[in-house]
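S.K.: sequence unknown, structure follows:
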């Protein structure tokens, strides 16, 4: 069940400078009309759903969409249905003026930034209709954040309905969210191609996230424990560990060595449905990890069978210096 909606009123959101070449739309009907006109002219629409506070990962998503589509729409909407904690919702960064500049510089031609009542007319009461994707939403983030994926599925369904036929770009940083969105689009027959894009990382391995700005200096350093844990799990697999629970334990052991990190979960799962892996030989896998560093909750994941990561782990075991396989260029992280 979708939790009650916390009331947050962003200040000054109507008075922003819109860069040349960018259209800022506030109404769903205006977005529908604009994109129908684009498609009627034979143009391909790219959609990049975000909650704003755009960083380099979002820029990479937008750039990729702009390189593959004729018109790129970035949505900027802090979705209250995704937040179980009203305090977390209240402190989530809102930087619309900066977001418009970032979106335009990355190649977007439209930003859709609705007020909450435009998306949910009953606000601050939750909508009477919500969308739930059973099974794939239940574990991991779904267990730690009850109702979160109902909020994700509901807002994405609305955005897909407004956008119509398009290519929608999501980052792998929120890997379970990506899986939920794929299932949603398939089950409800949305005319949307969901495009996944690899994670963008800092040079020390920390995955880019809008929440990283809330980390103090010591916490910022401690946050790299998540990446080190994922490396440890991938290294165990590359060295021949065949027990999924032992691969996951390598992740948790590394994270728990960091005093400022509080592990929530570490798991080796099947990449398609995120069920715990019964074997390391049954198909594509994903390593997941979540932890709190200070007051900030962080998540991360990797494909432990990725060839670049495996080579990196083997060089590490050989004692050679190495560069981390940090994604750059037309890749990124997107979160709705």
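M.R.: On my side now, so go ahead. Not measured: the values here are computed from a predicted model. Numbers count the residues shown, from 1 in each chain.
S.K.: going forward, measure contacts and count neighbours with C-alpha atoms only.
M.R.: OK.
S.K.: Residue 176: what's it in contact with?
M.R.: Residues near residue 176 by CA atoms under 8 Å, 6 or more residues apart in numbering: 136, 137, 141, 274.
S.K.: would you list every one of the strands in the stretch 1-150 of the chain?
M.R.: 23-25, 45-50, 71-76, 110-112 (DSSP state E, counting those that start in this stretch).
S.K.: Could you list every helix and strand in contact with the second one?
M.R.: Other elements packing on strand 45-50 under the criterion 3 or more CA pairs under 8 Å, 6 or more residues apart in numbering; DSSP states H and E are helix 28-40, helix 56-68, strand 71-76, strand 166-171.
S.K.: Neighbours of residue 259, how many?
M.R.: By other CA atoms under 10 Å, the residues close to residue 259 number 10.
S.K.: about what we covered before: closest to residue 182 among the contacts of residue 176?
M.R.: Comparing the contacts of residue 176 against residue 182 with CA to CA places residue 136 closest, at 10.5 Å.
S.K.: which ones are touching the closest residue to residue 152 other than its chain neighbours?
M.R.: The shortest distance from residue 152 to any non-neighbouring residue, by CA to CA, 6 or more residues apart in numbering, is to residue 82 (6.0 Å). Counting by CA under 8 Å, 6+ apart, residue 82 touches 147, 148, 149, 150, 151, 152.
S.K.: Number of residues surrounding the residue lying closest to residue 274 once chain neighbours are set aside?
M.R.: Leaving aside its sequence neighbours, residue 274 sits nearest to residue 136 (CA to CA, 6+ apart; 6.6 Å). Residue 136 is flanked by 18 other residues according to other CA under 10 Å.
S.K.: Equivalent analysis for the one 4 residues further on, please.
M.R.: When counting by other CA under 10 Å, one arrives at 19 neighbours for residue 140.
S.K.: and if you look at residue 307?
M.R.: Residue 307, neighbours per other CA under 10 Å, totals 11.
S.K.: try residue 128
M.R.: Count around residue 128 with other CA under 10 Å applied: 8.
S.K.: go on, the one 10 residues further on?
M.R.: Residues within reach of residue 138, counting by other CA under 10 Å, total 17.
S.K.: Could you do residue 277 as well?
M.R.: 21.
S.K.: Would you list the phi and psi of it?
M.R.: phi -70, psi 130 (degrees, to the nearest 10).
S.K.: okay, how far is it across stretch 263-281, tip to tip?
M.R.: 27 Å (CA to CA, to the nearest Å).
S.K.: Return the set of buried residues in it.
M.R.: Of all the residues in stretch 263-281, those buried under the rule 16 or more other CA atoms under 10 Å are 263-271, 274-277, 280.
S.K.: Show me which of these is closest to residue 250.
M.R.: residue 266 (9.0 Å).
S.K.: Surely the closest one is in a strand?
M.R.: Yes - assigned with DSSP: H, G, I helix; E, B strand; the rest coil, residue 266 falls within a strand.
S.K.: Please tell me I have it right and residue 57 contacts residue 202.
M.R.: No - look at residue 57 against residue 202 with CA atoms under 8 Å: they stay out of range, at 10.1 Å.
S.K.: neighbour count winner among those two?
M.R.: residue 57 (28 against 14).
S.K.: So what's the residue count around residue 23?
M.R.: 16.
S.K.: pLDDT score for it?
M.R.: At residue 23, the model reports a pLDDT of 98.
S.K.: which residues sit against the single longest helix found in the chain?
M.R.: Determined from DSSP state H, the single longest helix within the chain is helix 148-163. With CA under 8 Å, 6+ apart as the test, helix 148-163 has contacts from 1-2, 28-29, 31-32, 35, 47, 79-84, 119, 130-133, 137, 141-142, 177, 180-181, 184, 190, 192, 336.
S.K.: Selecting buried members of the residues you listed in ChimeraX, what would you type?
M.R.: A single ChimeraX command selects the buried members of the contacts of helix 148-163 (16+ other CA under 10 Å):
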select :2,28,31,35,47,79,80,81,82,83,84,119,130,131,132,133,137,141,142,177,180,181,184,192,336
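S.K.: out of the contacts of helix 148-163, which are inside helices?
M.R.: Among those, the members that lie in helices (by DSSP H) are 28, 29, 31, 32, 35, 119, 141, 142, 177, 180, 181, 184.
S.K.: got the contact list for the nearest residue to residue 55 once chain neighbours are set aside?
M.R.: Leaving aside its chain neighbours, residue 55 sits nearest to residue 210 (7.1 Å; criterion: CA to CA, 6+ apart). Residue 210 sits next to 53, 54, 55, 93 when contact means CA under 8 Å, 6+ apart.
S.K.: Surely the second one and residue 100 touch.
M.R.: No - taking CA under 8 Å as the contact criterion, residue 54 and residue 100 are not neighbours in contact, 9.0 Å apart.
S.K.: any weak-confidence spans in this structure?
M.R.: For the chain, the stretches with pLDDT under 70 are 1-14, 314-335.
S.K.: mind giving me the domain split of it?
M.R.: 23-197, 210-317 (automatic domain parsing).
S.K.: what would the contacts of residue 176 look like in JSON lines with distance to residue 112?
M.R.: Output for the contacts of residue 176, formatted as JSON lines (distance: CA to CA, whole Å):
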{"residue": "136", "distance to residue 112": "29"}
{"residue": "137", "distance to residue 112": "27"}
{"residue": "141", "distance to residue 112": "27"}
{"residue": "274", "distance to residue 112": "31"}
